[in-house]
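J.: here is the input, now give the coordinates:
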Amino acid sequence: MALVTGGARRIGKELALGLARKGFDVAVHFRDSRRDAELTVARIRALGRHSLALRADLCRVSEIEGMFAELTEHFTGLHLLVNNASSFFATKFGETREVDFDELVGSNFKAPFFCAQFAAALMQSSLKHEGPGGPFDRQIVNILDSSAFRPWATHLPYCASKAALGALTHGLARALAPAIRVNAIAPGPMLFPEDMGERARRQALEQTLLLREGSPEDVVSALLFLVEKGRYCTGTVLHVDGGQSWSS
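T.: Purely as a prediction, here's the structure:
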């Protein structure tokens, strides 16, 4: 059974559907996109899997706790948490408002931290009966961003919060070993915002070695590798960025 935060739209939706196609029952978290979440749940159920939409503002720990309480009412055990939910917008240095800083750090770092804390408690409880490394491997996968490693001057709180999530990935891998594996995926340029100009898009692609845009399917493939094949991986960050991490 998997929980995908921000699973209603965009990459989160594709991750939820990809897991369902591999046999996972999937809980789909959303904050504002109820209609999209319901559509994603319907598609998962059409694949023959159980699914549920869970609404929560992940910047509020009390709502995270409520989400996990609702999860346990409908599903037995949790095998995979995908921390995908994210806020993203530009913040000009010198003019950044506290409310914007709190939203970005809250959604991109605070929320994954507390989701991982609640998820790990559920996983560790069920593992007492199965033991680590068994057929029902427990995992947490955090979705980073290539900007965590090459920050943009126009999005400093966002980039810093994703960098913090990278550090959290390594720390959780240590804290939860050997029972629970913790890894991350760092996507590069893909699914550009609608208001992003053609020049900015071109510049982003020129920063990659492959000189082209990625797709959500690339991230899904990385997730499925970690879930199915990467059983000796923990504390790993998979860079799905067309070589952007290594370009000059």
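J.: in the protein, what secondary structure element scores lowest on mean pLDDT?
T.: Lowest on mean pLDDT, DSSP states H and E among the helices and strands of the chain sits helix 198-206, with a mean of 76.
J.: check contacts around the most far-flung residue of the chain relative to its centre.
T.: Relative to the centre of the chain, and counting by C-alpha atoms, centre = their mean, the farthest-placed residue is residue 94 at 29.4 Å. By C-beta atoms under 8 Å, 6 or more residues apart in numbering, the contact set of residue 94 is empty. Quick note: C-beta positions are derived from backbone N, CA and C, even for glycine.
J.: tell me which strands and helices the strand ranked longest in the chain is in contact with?
T.: Counting by DSSP state E, the longest strand found in the chain is strand 180-187. Contact partners of strand 180-187 among helices and strands, from 3 or more C-beta pairs under 8 Å, 6 or more residues apart in numbering; DSSP states H and E: helix 111-130, strand 138-143, helix 156-176, helix 216-224, strand 237-240.
J.: and the contacts of the least confident helix or strand of the chain?
T.: 189, 192, 211-213, 242.
J.: what two of those residues are the furthest from one another?
T.: Within these, two members stand farthest from each other by C-beta to C-beta: 192 and 211, at 15.0 Å.
J.: closest one to residue 51 among the helices and strands packed on strand 180-187?
T.: Short answer: helix 216-224, nearest of those by C-beta to C-beta, at 16.7 Å.
J.: so which residue is smack in the middle of the protein?
T.: residue 84 (2.2 Å).
J.: quick check: that one touching residue 11?
T.: Yes: assessed by C-beta atoms under 8 Å, residue 84 is found in contact with residue 11 at 6.6 Å.
J.: find residues that contact each of those two.
T.: Common neighbours of residue 84 and residue 11 (C-beta under 8 Å, 6+ apart) are residue 143.
J.: now the end-to-end length of stretch 66-82.
T.: 18 Å (C-alpha to C-alpha, to the nearest Å).
J.: likewise for stretch 229-237?
T.: End-to-end distance (C-alpha to C-alpha), stretch 229-237: 15 Å.
J.: next one: stretch 190-210
T.: End residues of stretch 190-210 are separated by 13 Å (C-alpha to C-alpha).
J.: for that stretch, buried residues please.
T.: 190, 204-205, 207-208 (16 or more other C-beta atoms under 10 Å).
J.: over to stretch 68-79?
T.: Neighbour-count burial for stretch 68-79, counted by 16+ other C-beta under 10 Å, picks out 68, 71, 75, 78-79.
J.: again, but for stretch 165-182
T.: Using 16+ other C-beta under 10 Å as the test for burial, stretch 165-182 gives 165-166, 168-170, 172-173, 176, 179-182.
J.: just the element for the residue farthest from the centre of the chain, please.
T.: Using DSSP states H and E, residue 94 sits in no helix or strand.
J.: try residue 73
T.: helix 61-74.
J.: check residue 15 too.
T.: helix 10-21.
J.: gap between stretch 1-12 and the chain center?
T.: What separates the centre of stretch 1-12 from the centre of its chain is 8 Å, taken as C-alpha atoms, centre = their mean, to the nearest Å.
J.: before we move on, what about stretch 96-106?
T.: So, by C-alpha atoms, centre = their mean, the centroid of stretch 96-106 is 19 Å from its chain's centroid.
J.: mean confidence score for it?
T.: Summarised as a single mean, pLDDT over stretch 96-106 is 97.
J.: what do you get for stretch 120-128?
T.: 87.
J.: renumber starting at 58 from here on
T.: Right, with 58 as the first residue, what we last looked at is stretch 177-185.
J.: pull that stretch out as CSV, backbone CA atoms only.
T.: Extracted in CSV, the C-alpha atoms of stretch 177-185 (Å, rounded to 0.1, in the frame of the first residue of the first chain):
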residue,chain,number,x,y,z
ALA,A,177,7.8,5.4,9.8
ALA,A,178,5.8,4.7,13.0
LEU,A,179,3.2,2.8,10.9
MET,A,180,5.9,0.9,9.0
GLN,A,181,7.9,-0.1,12.1
SER,A,182,4.7,-1.3,13.8
SER,A,183,3.9,-3.7,11.0
LEU,A,184,7.5,-4.8,10.6
LYS,A,185,7.5,-6.3,14.1
